[in-house]
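Student: how would this look folded up:
(one chain, ligands or ions: 2)
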Amino acid sequence: MRMVDLIEKKRDGGELTTEEINFIIEGYTKGEIPDYQVSALAMAIFFKDMTQRERADLTMAMVHSGDTIDLSEIEGIKVDKHSTGGVGDTTTLVLAPLVAALDIPVAKMSGRGLGHTGGTIDKLESIEGFHVEIEREEFVELVNKHKIAVIGQTGNLTPADKKLYALRDVTGTVDSISLIASSIMSKKIAAGSDAIVLDVKTGAGAFMKTVDDAKALALAMVSIGNNVGRNTMAVISDMSQPLGFAIGNSLEVKEAIDTLKGQGPKDLEELCLALGRQMVYLAKKASSLEEAEEMLKEVIKNGKALEKFKEFIRNQGGNPDVVDHPEQLPQAKYQIEVPAKEDGVVAEIVADEIGTAAMWLGAGRATKESEIDLAVGLMLNKKIGDRVKKGESLVTIHANRENVDDVINKIYDNIRIADHAEAPVLIYGTVT
Ligand code: URA
Ligand code: CA
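Tutor: Ligands and ions are numbered 1, 2, ... in the order given. Below you'll find the model as predicted:
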């Protein structure tokens, strides 16, 4: 087989066979096929696209390019949740203990974040003592016994995807539904869960800016998952404005605690229930989505979800007192209010720009090497559709530097006040 023939085949709109896709991914991983040929192929895929079968084959070829995680020693149906990424997305911190409180195993492998805020691990590390550097055996034991554990990235997962994603980033070929879907799904499948609930975001703060694009990506990922034997479904949710109120690591831990107490922001709670009920249903713990949702509400009400969060923190070396005393989480030195300049209704809070403002404070990493400040971030005091009076605070900035004029200006540029506006739709639908 010659790579140039395969590039030409795709360029002319042909369908690559399973063998051809395996040849490409194996050759590329080993360094036998050069970047320039794979770039040309990625561009051909960008224009000519792939069939569902080709996408599933590409996904599995990338899964097999490296290690895969075997979770078979963990009892029960392992359901993973994955978000395509948004601003202030606190759902994982809420869902992990919430679902585990219903005896559904949550075996989470997580990474550090790049961008507006940290990843799940960074957020959890704002709890004193909490660590994810545990051995595989301990991880399995914890999940079997307590139904919940988080471990840092182990093994060499999907090296082909790492290489290909980096190449796409510099060759204008990131924005292909086929390539995005197989990239995300290869990582999820290699991580070993039996079933996958996807939260595909749409809006300013998301990869997919329109609902139609988000639906197309959701369909592509769900079809890959189901084609390769992992029960997969997707919820399409709004990311035009940040989710909940908190953007920043310890601020989001506090927000998760509030939500587990039933006192969280409405949108965050609604999305957690929408994703959670799908997880409970896929784990076969409920016979309908309605029943699943009732079960989730019950463990919030009776305190079991919050207890599970404490148990989880204790198991991984953290101080569970933060749940009752969130003031023990890292606190920023300065709290600065950003007052509204006029009366009206909040009409726009541009998610990605507000996320960038949080990153400037140090809540996220601009590059992989950046140091993160776990205490800093933003608290939204208003959301789209809320009435506001001149002088009322729109946002509270939590900072460890005194001068935050850059952040204040960024916030004013990206929160628009109008005469009328309504809260956006939160959930656009589901794809199964
Ligand atoms: N996220 C990924 O992991 N891969 C993509 O291709 C795009 C977003
Ligand atoms: Ca949030």
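Student: and residue 42, what does it touch?
Tutor: Residues in contact with residue 42 (CB atoms under 8 Å, 6 or more residues apart in numbering) are 164, 167-168, 171, 173, 176, 179. (Glycine included, C-beta is placed from N, CA and C.)
Student: how far out from the middle of the chain is the lowest-mean-pLDDT helix or strand in the chain?
Tutor: The helix or strand with the lowest mean pLDDT-type score in the chain, counting by mean pLDDT, DSSP states H and E, is strand 106-110 (a mean of 91). Here strand 106-110 is found 13 Å from its chain centre; the criterion is CA atoms, centre = their mean, to the nearest Å.
Student: so what touches whichever helix or strand comes after that strand?
Tutor: The C-terminal neighbour of strand 106-110 among helices and strands, as given by DSSP states H and E, is helix 120-124. By CB under 8 Å, 6+ apart, the residues outside helix 120-124 that reach it are 92-93, 108, 110-113, 117, 130, 132, 150, 152, 249-250, 252-253, 316, 318, 372, 374.
Student: near ligand 1, which residues of the stretch 151-300 of the chain?
Tutor: Applying CB under 6 Å from any ligand atom, we find that the stretch 151-300 of the chain lies next to ligand 1 at 165, 174, 179-180, 183-184, 207.
Student: residues near residue 347, how many?
Tutor: Neighbourhood size, residue 347 [other CB atoms under 10 Å]: 15.
Student: check contacts around it.
Tutor: Residues near residue 347 by CB under 8 Å, 6+ apart: 384, 416-418, 420-421.
Student: for those, which one is nearest ligand 2?
Tutor: The closest of the contacts of residue 347 to ligand 2 turns out to be residue 384 (CB to the ion; 14.5 Å).
Student: the closest one is in contact with residue 351, isn't it?
Tutor: No: if you go by CB atoms under 8 Å, residue 384 and residue 351 don't touch, sitting 10.4 Å apart.
Student: now do the contacts for the residue nearest the centre of the chain.
Tutor: The residue lying closest to the centre of the chain (CA atoms, centre = their mean) is residue 83, at 3.3 Å. Counting by CB under 8 Å, 6+ apart, residue 83 touches 89, 91-92, 198-199, 201.
Student: how about a cut-off of 10 Å?
Tutor: In this structure, residue 83 makes contact with 89, 91-92, 197-201, 206, 235, 237, 239, 243, 271, 275, judged by CB atoms under 10 Å, 6 or more residues apart in numbering.
Student: what's the answer for residue 410, then?
Tutor: Here residue 410 is in contact with 350, 353-354, 356-358, 360, 404 (CB under 10 Å, 6+ apart).
Student: confirm it sits in a helix?
Tutor: Yes: per DSSP: H, G, I helix; E, B strand; the rest coil, residue 410 lies within a helix segment.
Student: that older thread, drop anything exposed from the contacts of residue 347.
Tutor: Burial by neighbour count, 16 or more other CB atoms under 10 Å: within the contacts of residue 347 this picks out 384, 417, 421.
Student: stretch 373-393 near ligand 2 at all?
Tutor: No: using CB under 5 Å from the ion, stretch 373-393 stays clear of ligand 2, with a minimum separation of 8.4 Å.
Student: what does the stretch 101-250 of the chain put close to ligand 2?
Tutor: Residues of the stretch 101-250 of the chain lying near ligand 2 (CB under 5 Å from the ion): 243-244, 246.
Student: can you add neighbour count and secondary structure and give these back as TSV?
Tutor: Formatted as TSV, those follow (neighbours: other CB atoms under 10 Å; DSSP: H, G, I helix; E, B strand; the rest coil):
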residue	neighbour count	secondary structure
243	30	coil
244	29	coil
246	28	strand
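Student: turn these into TSV, including distance to residue 57 and pLDDT.
Tutor: Shown next, in TSV, are those (distance: CB to CB, whole Å; pLDDT from 0 to 100):
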residue	distance to residue 57	pLDDT
243	34	97
244	39	98
246	41	98
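Student: if anything else comes up later, I'll come back, but that's it for now.
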